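Q: Got a predicted structure here, sequence first:
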Amino acid sequence: MTPPDTQLTVACIQMEPRIGAVEENVRRSLEFIGIAADRGARLIVLPELCNSGYVFETAEEARDLAEDATSGPSVQAWAEIAARRDLHIVAGLCERAGDGLFNGAVLIGPQGPLGTYRKMHLWDQENRFFTPGDLGFPIFDLPFGRVGVLICYDGWFPESWRMCGLQDADIVCVPTNWVPMPAQPAQRDAMANILVMAAAHSNSVFIAAADRIGTERGQPFLGRSLIVAPTGWPLAGPASADQEEILLASFDPTEARRTRQLNAFNHVLNDRRPEFYQARQGEGLRPSTPARAMPLQPVT
């Protein structure tokens, strides 16, 4: 059994931000953070764009709601409670950096902002407002382990998770705004949950994914936040589809690296054969044409 002093309690805050209501969104996030801290959480994950809302109508609206990832008012409010309660917080925000806007996430510790992640893979209308991330996949060394960050659609790319795993991440925090996928059967698990569980297992990392709920300007969101073990099975959640909730799970983050050794012969990262992970010349995905996308050609 893991000694108590190696245990970390992680919280995912599932909430419903309101578009444009930054002060109210941040105020409510602080209430949830306080409750989670009272329940023992020391690492807390908030949803994607949780201070601004998600469905921007114009680039001007997005820019008006954006802020600096180190000195903005939302970041400063989160930093104050992190200092007061001895917390680490990962929160999604609309980041202004120079002339660029990014769908970002800030990592804040008791001493203040520690770093930023910028969403690498933009979803749908996000391409109208944001620049794709330019910071790669940074991993942050924290007192309790190594932490990576992804945002929402990043999770549809196995390479995103793999880059975290290859850098010995113990936990990947995922602020997200999951939306329904086409042809999602009502009686089956959400595709987002399946992808998170598979990624946790195939990379042997803990994953804490905090989603939002509600419908914003006609866009519904899924909820179903969850915290997953390196085995791929949930430690907490999935949460409901339509209720604000706090998910909590306690674990030893360093267990992620130990469980990569599946048995005497197999290790989920060391067994890779990257020299064979390239399509042969002339095979694989063909470039698209103005008329239609060419089909994926089988590799033989």
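A: Here it is on my side, so go on.

Q: Where does the nearest residue to Gly72 once chain neighbours are set aside sit: helix, strand or coil?
A: Sequence neighbours aside, Leu93 is the residue nearest to Gly72 in space, at 7.3 Å (criterion: CB to CB, 6 or more residues apart in numbering). Any C-beta I mention is one placed from the backbone N, CA and C, and that applies to glycine too. Here Leu93 is recorded as strand under DSSP: H, G, I helix; E, B strand; the rest coil.

Q: Tell me how many other residues crowd Leu93.
A: 29 (other CB atoms under 10 Å).

Q: Ok, the one 5 residues further on next?
A: Residues near Gly98, counting by other CB under 10 Å, number 5.

Q: Tell me the confidence at it?
A: pLDDT for Gly98: 88.

Q: What of the one 10 residues further on?
A: You'll see Ile108 listed with a pLDDT of 98.

Q: Identify the bridge partners of it.
A: Judged by DSSP bridges, the bridge partners of Ile108 are Ile89, Pro113.

Q: hmm, back to that, OK, contacts around the residue nearest to Gly72?
A: Neighbour list for Leu93: 49-52, 66-67, 69, 72, 74-75, 104-106 [criterion: CB atoms under 8 Å, 6 or more residues apart in numbering].

Q: His88: which of the residues you listed is nearest?
A: Using CB to CB, the shortest approach to His88 within the contacts of Leu93 belongs to Val106, at 11.1 Å.

Q: three-state assignment of the closest one?
A: Per three-state DSSP, Val106 ends up strand.

Q: So what's the residue count around it?
A: Neighbours of Val106 using other CB under 10 Å come to 27.

Q: quick one: it and Trp78 touch, right?
A: Yes: counting by CB atoms under 8 Å, Val106 does reach Trp78; the two are 7.5 Å apart.

Q: Mutual contacts of these two, please.
A: Common neighbours of Val106 and Trp78 (CB under 8 Å, 6+ apart) are Ala91.

Q: re earlier: while we're on the residue nearest to Gly72, how confident is the model there?
A: 97.

Q: For Gly112, see how far away Met181 is.
A: Distance of Met181 to Gly112, given as CB to CB, to the nearest Å: 37 Å.

Q: Sorry, wrong one. I was asking about Val90.
A: Relative to Gly112, and taking CB to CB, Val90 is found at 14 Å.

Q: So which of the two has more stuff around it?
A: Taking other CB under 10 Å, Val90 and Gly112 do not tie; Val90 has more neighbours (28 against 14).

Q: out of everything not next to it in sequence, what's closest to that one?
A: Using CB to CB, 6+ apart, the closest residue to Val90 is Cys173 (4.2 Å).

Q: Where do the helices of the stretch 51-200 of the chain begin and end?
A: Remark: helices assigned in the stretch 51-200 of the chain by DSSP state H, counting those that start in this stretch are 59-65, 73-85, 158-166, 191-203.

Q: So for Arg42, which of these sits nearest?
A: Using CB to CB, the helices of the stretch 51-200 of the chain put helix 73-85 closest to Arg42, at 8.8 Å.

Q: Give me the buried positions along that closest one.
A: Neighbour-count burial for helix 73-85 flags Ser74, Val75, Gln76, Ala77, Trp78, Ala79, Ile81, Ala82, Arg85 (criterion: 16 or more other CB atoms under 10 Å).

Q: likewise stretch 213-230?
A: Going by neighbour count (16+ other CB under 10 Å), the buried part of stretch 213-230 is 213-214, 216, 221-230.

Q: for the chain, longest helix please?
A: Criterion DSSP state H: the longest helix present in the chain is helix 22-38.

Q: From the rest of the structure, what touches that one?
A: 11, 13, 15, 17-18, 44, 46, 50-53, 65, 73-74, 77-78, 81, 85, 87, 89, 91, 244, 246, 248.
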